[in-house]
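Enquirer: Provided below for reference: sequence and predicted model.
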Amino acid sequence: MNKSMYLSLDFPTWKEAKAFIDRYEFHGVPVKVGMELFYREGPHVIEKLKEANHAIFLDLKLHDIPTTVMKAMKNIAQLEVDMVNVHALGGSEMIQRAKDGLVSGSTADHVTKLIAVTVLTSMDDEALNSELRIPGSLNDNVLHLADLSKQNGADGVVCSVHEAKAIKHICGASFLTVTPGIRLGDSDVNDQKRVATPKIAKESGADILVLGRTITKATDPRKAYNKVSEEWQHELKS
Ligand SMILES: O=C(O)c1cc(=O)[nH]c(=O)n1[C@@H]1O[C@H](COP(=O)(O)O)[C@@H](O)[C@H]1O
């Protein structure tokens, strides 16, 4: 999978997501569909996006007992999206079973990639240690969860840009690093803690940028998207 940018369609309805795509000419760009849109529209939204030739990352962050996740993934496989995610904190057996579900529910020519969320980019060391009482540095926890995910069949992880290089070092170049929390220098951090610019993302070796409010809440979303793309492409050439 090449380096790419997924536009996060964090909208309450398909009507609003479609209006945004049309208005700012995001036809055919890779998109992420998360809980907000999927829980409202269901698989129908995936069909619509596929008809319009969008590559799709289905961000449902499954986290349940292994059998439940396996059965859910078997159904999700039939949507034939590019990537779907689970929380790595569900553990080794859950990750393995998620992969089993995707493989067994797939057709011969399309297997959806399994991505595991390490530690949410909205969390920092303080939240991990003091609030959740998970010991160790956030960085070590992310690296451990990436390794665990790799060992149990995941194709990549969601992490922040700041952990991407070390993950590649431990898990190998082909193990995907999917990085949300992307911000242009002047954009609002919102509820994110571990953010970075597209330029730093590229330098870190991250494979996939997830672009949310930096684009959707920009005064001119198309201009913001082009700016991210330029920084990302520019760095790609170097
Ligand atoms: O799995 C994700 O996509 C995800 C994981 C994570 O750790 N942090 C994170 O922000 N995300 C998603 O990435 C998007 C980030 O959006 P912005 O903060 O608006 O750029 C949201 O749709 C989040 O649900």
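Expert: It's in. Residues are numbered from 1 along each chain as shown.

Enquirer: how near is the residue of the chain most remote from its centre to residue 191?
Expert: Residue distances from the centre of the chain (C-alpha atoms, centre = their mean) peak at residue 130, which lies 26.3 Å from the mean C-alpha position. Note on residue 130: its distance to residue 191, by C-beta to C-beta, to the nearest Å, is 18 Å. (Glycine included, C-beta is placed from N, CA and C.)

Enquirer: One more: residue 79?
Expert: Distance, residue 79 to residue 191, by C-beta to C-beta: 28 Å.

Enquirer: The lengthiest strand in the chain pairs with which strands?
Expert: When the chain is parsed with DSSP state E, its longest strand is strand 56-62. The strands beside strand 56-62 in its sheet (DSSP bridges) come out as strand 31-34 (parallel), strand 83-87 (parallel).

Enquirer: that older thread, residue 79 and residue 191: which is more packed in?
Expert: residue 79 (16 against 9; other C-beta atoms under 10 Å).

Enquirer: what does this protein put close to the ligand?
Expert: 8, 10, 34, 59, 61, 85, 117, 120-121, 158, 180-181, 190, 192, 210, 212-214 (C-beta under 6 Å from any ligand atom).

Enquirer: who's the spatially closest residue to residue 76 that is not a sequence neighbour bridged to?
Expert: Spatial nearest neighbour of residue 76, chain neighbours left out: residue 84 (5.4 Å); criterion: C-beta to C-beta, 6 or more residues apart in numbering. Taking DSSP bridges as the rule, residue 84 bridges to residue 58, residue 114.

Enquirer: And the pLDDT at residue 236?
Expert: You'll see residue 236 listed with a pLDDT of 51.

Enquirer: in which helix or strand would I find residue 148?
Expert: Residue 148 belongs to helix 138-151 when assigned by DSSP states H and E.

Enquirer: Please consider this matter closed, and thank you.
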